[in-house]
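Enquirer: Below: sequence and its predicted model.
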Amino acid sequence: MNRFTRPLQWAVGACAITALATWGTVQYTPLEASSHREAPLIADDPLADNTDVYAFKDPNNSERIILIANYIPFQLAQGGPNYYTFGENIRYEIHVKNNASTTGDDIVYRFTFTRTNGDPTTFFNARLGQQNLKTTYTCEKIVAGGTPVTIVSNGVVPAYNIGPRSINTGVGLAQASYTAYRQGAVTAASGGGGEQVFCGSADDPFYVDLGAIFDLAGLRANRGARDGLAKYNVHSIALSIPVSTLQKNSQPASAAANILDGNYVIGVWASASRPAMRTLNGGTTGTTSTSGNYTQVSRLGMPLLNEAINPVGAKDAWNRTTPYNEAAVTDDYLSNPELGLYMADNTPMNGAAPKPSGQTYYGEAVPALSALRIQTKSLGSFDFRNGAAGLSGLTSAQRQGTVFADPTFGPYLLVAGKPRSVDIKPIFHTGVPNLPPYQLATGKNGNPLAAGKPFINNFLPVLGDMLRLNMAVPATPRNSPDFSNQGLLAAAVLGITDSRYNGSTALQNIPNMDGFPNGRRLEDEVVKIELQAVSGAVLAAIGLWYDDYTPGTSPTPATSQLKGVLNFTAGVEKNDTTLSASFPYVQTPWQGMRVRR
């Protein structure tokens, strides 16, 4: 059993901002799109390539959760005549963990797809009411490792959005509108779980300036930043599921003790698996046959982990494991973020503490990240640059009353020479409990180890990479003036600075508490959030302020450095199109006939 699966008598909740990280002196790829061609082997197998995973409270229904797993990256809308579709002989799976006391997945939704040609005499994909590469699917549900139960059979994947003649006219499929046609593919599952299912193409909702980031982090904010995924499509598997189906005791959200009830935390990850053997048959038919057990070839939980944490030599192996047998070295990659090397100067300036012995930093070489300088002497004492002590030097007396005093979790969080084991590592591998110091600085009176204002709980003590979501947290209305794609960073700012929330340490529903990394909404700007987190934004939120704040000498910690971090931009601030207002929420895919690049 995992060393974190024993019961822990903690009130759970916390400050949680995810980050991207690597460890050591070898320089790896600094950042990639969220699992778009993130590992050498899966880049050669796009049909099985996870691109993103999302898990969020349905903004239209407080008793439903939306899970989305996207596959097949960088789809050109005009990519005919054989348009993109889900692959055969692949098991696409969405995994849910809801109980730390059990072994492995608690619920799995497994999808398999079949393709047929309605009119093999033509090279067109859709003609005269017939469709080639017509794809249908079966969805099976597996509970507690039991026998798979089919909850959708012969589900329909809508045809690709080829163009108006193929979709809307009588010489094609004669559909009144592609949006209505696609919505008609939403299917109610059988089996009593109350799930709704959609499988089909969609606009890729992820956004990032790929060209700039891969040019040695040369971000080009305010000077021509370009969304490298603009007008590309993906294929989505989307599920709308009642909270009571996912909650470990089958309880609805309305039964939660409060909005941070730890019994409502789930972990979500997705995968793709292929048969171990594929044989190309002889003759002229071009057929293949498969045999052997299914082998996992791709997985994804938190965005950007395999892209920007694992070194290139470990990426393929990571794709073949599960969160339950995570390589121990991944903790080390998380505890000394590679990006941290570019957020610290090799020549200390502006009163920064001397760098730790033997460390080399490269901040001067990456001017685009100049606003993101990690704390070197927070509160006059604490250095969080790679290889520094961080909080590991806290005495036993100082640890009392905090999570660091716990005999299991404390040593996991405080590791000498691995300073980001205190913030970045638990976000990826356990979530964070609602104990000091993981509460907002509000009410701490300058002591980051004191109790503060709770604002998140996604603690699920099962070691491994998952997207963790507390289903008790209400959704922030998308039309609210407080809604922000900055997720928990936005919630932290409100909780510290806004008079509606900073007057006490009482638990309140702060807008965007339902945002990344408490799950992940389609809108959330994960690249910016993660870059800010690597720069120490999470530490600042709990009271470990930036270097230019001296306690007792200024009335507020909102210093120039903190403002620079919060105002930082990665260049692309939102998706290139809107999102749908209802399930499946991913937007109608770009049309091949009309797309302009």
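Expert: Right, received. Where do you want to start? Note that the structure is a prediction, hence the values are computed from the model and not measured.

Enquirer: Helix, strand or coil: sort out residue 562 for me.
Expert: Residue 562 carries the three-state label helix when classified by DSSP: H, G, I helix; E, B strand; the rest coil.

Enquirer: Counting residues, name the longest strand you see in this structure.
Expert: Identified as the longest strand of the chain according to DSSP state E is strand 265-280.

Enquirer: partner strands of it, parallel or antiparallel?
Expert: In the sheet, strand 265-280 lines up against strand 91-97 (antiparallel), strand 288-300 (antiparallel), strand 467-470 (antiparallel) (DSSP bridges).

Enquirer: Check these for me: which has the lowest mean pLDDT.
Expert: Ranked by mean pLDDT, the strands paired with strand 265-280 bottom out at strand 288-300, with a mean of 88.

Enquirer: Could you give me the buried positions within that strand?
Expert: By 16 or more other Cβ atoms under 10 Å, the buried positions in strand 288-300 come out as 294, 296-300. The way it works is simple: take the backbone N, C-alpha and C, and place the C-beta from them, glycine included.

Enquirer: residue ranges of the helices in the stretch 51-200 of the chain, please?
Expert: 164-168, 178-183 (DSSP state H, counting those that start in this stretch).

Enquirer: okay if I get those as a markdown table plus distance to residue 430 and mean pLDDT?
Expert: As requested, those are exported to a markdown table (distance: least, Cβ to Cβ, whole Å; pLDDT from 0 to 100):
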| stretch | distance to residue 430 | mean pLDDT |
| --- | --- | --- |
| helix 164-168 | 47 | 96 |
| helix 178-183 | 38 | 97 |
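
Enquirer: Distance to residue 120 for those helices - can I get that in a markdown table?
Expert: Compiled in a markdown table, these are given as follows (distance: least, Cβ to Cβ, whole Å):
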| stretch | distance to residue 120 |
| --- | --- |
| helix 164-168 | 17 |
| helix 178-183 | 23 |
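
Enquirer: most packed of those?
Expert: helix 164-168 (a mean of 19; mean count of other Cβ atoms under 10 Å).

Enquirer: name the helices or strands packed onto the lengthiest helix in the chain?
Expert: The helix that spans the most residues within the chain, counting by DSSP state H, is helix 487-497. Using 3 or more Cβ pairs under 8 Å, 6 or more residues apart in numbering; DSSP states H and E, the elements in contact with helix 487-497 are helix 526-534, helix 537-541.

Enquirer: what's the angle from that helix to helix 526-534?
Expert: 50 degrees (axes from the mean of the first three to the mean of the last three Cα atoms, to 10 degrees).

Enquirer: So that it lines up with my notes, have the first residue be 50 from now on.
Expert: Sure, I'll start counting at 50 from here, so that last one is helix 536-546.

Enquirer: Just the CA trace of helix 536-546, in PDB.
Expert: Listed in PDB are the C-alpha atoms of helix 536-546, where the atom choice follows Å, rounded to 0.1, in the frame of the first residue of the first chain:
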ATOM      1  CA  GLY A 536      -7.800  30.000 -11.200                       C
ATOM      2  CA  LEU A 537      -6.500  29.700  -7.700                       C
ATOM      3  CA  LEU A 538      -4.100  32.600  -8.200                       C
ATOM      4  CA  ALA A 539      -7.200  34.900  -8.700                       C
ATOM      5  CA  ALA A 540      -8.900  33.400  -5.700                       C
ATOM      6  CA  ALA A 541      -5.700  34.100  -3.600                       C
ATOM      7  CA  VAL A 542      -5.600  37.700  -4.700                       C
ATOM      8  CA  LEU A 543      -9.200  38.200  -3.700                       C
ATOM      9  CA  GLY A 544      -8.800  36.400  -0.400                       C
ATOM     10  CA  ILE A 545      -5.900  38.700   0.500                       C
ATOM     11  CA  THR A 546      -6.900  42.000  -1.000                       C
END
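
Enquirer: Mind listing what's buried along it?
Expert: When burial is assessed from 16+ other Cβ under 10 Å, helix 536-546 yields the following buried residues: 536-545.

Enquirer: contacting residues around it?
Expert: Outside helix 536-546, the residues that touch it by Cβ atoms under 8 Å, 6 or more residues apart in numbering are 64-66, 489-491, 502, 504-505, 531, 533, 535, 549-551, 557, 559-562, 564-567, 570, 573-575, 578, 581-582, 586, 590, 607, 615.

Enquirer: Buried members of those residues into ChimeraX, please.
Expert: The ChimeraX command for the buried members of the contacts of helix 536-546 (criterion: 16+ other Cβ under 10 Å) is given here:
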select :64,65,66,489,490,491,502,504,505,533,535,550,551,557,559,560,561,562,564,565,566,567,570,573,574,575,578,581,582,586,590,615
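
Enquirer: all helices in the stretch 300-449 of the chain, in order from the N-terminus.
Expert: According to DSSP H, counting those that start in this stretch, the helices that the stretch 300-449 of the chain contains are 354-357, 361-368, 378-384, 445-448.

Enquirer: tell me what the helix or strand just after the last one is packed against?
Expert: Spelled out, that is helix 445-448. Next along the chain after helix 445-448, taking DSSP states H and E as the criterion, comes helix 458-462. Counting contacts by 3+ Cβ pairs under 8 Å, 6+ apart, helix 458-462 packs against helix 473-478.

Enquirer: how about the CA coordinates for the helix it packs on, as PDB?
Expert: Taking only C-alpha atoms (Å, rounded to 0.1, in the frame of the first residue of the first chain), the coordinates of helix 473-478 have been written out as PDB:
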ATOM      1  CA  ILE A 473       5.200  22.300  -6.100                       C
ATOM      2  CA  LYS A 474       5.700  18.600  -5.300                       C
ATOM      3  CA  PRO A 475       2.500  18.100  -3.200                       C
ATOM      4  CA  ILE A 476       0.400  19.900  -5.800                       C
ATOM      5  CA  PHE A 477       1.300  17.200  -8.300                       C
ATOM      6  CA  HIS A 478       1.500  14.200  -6.100                       C
END
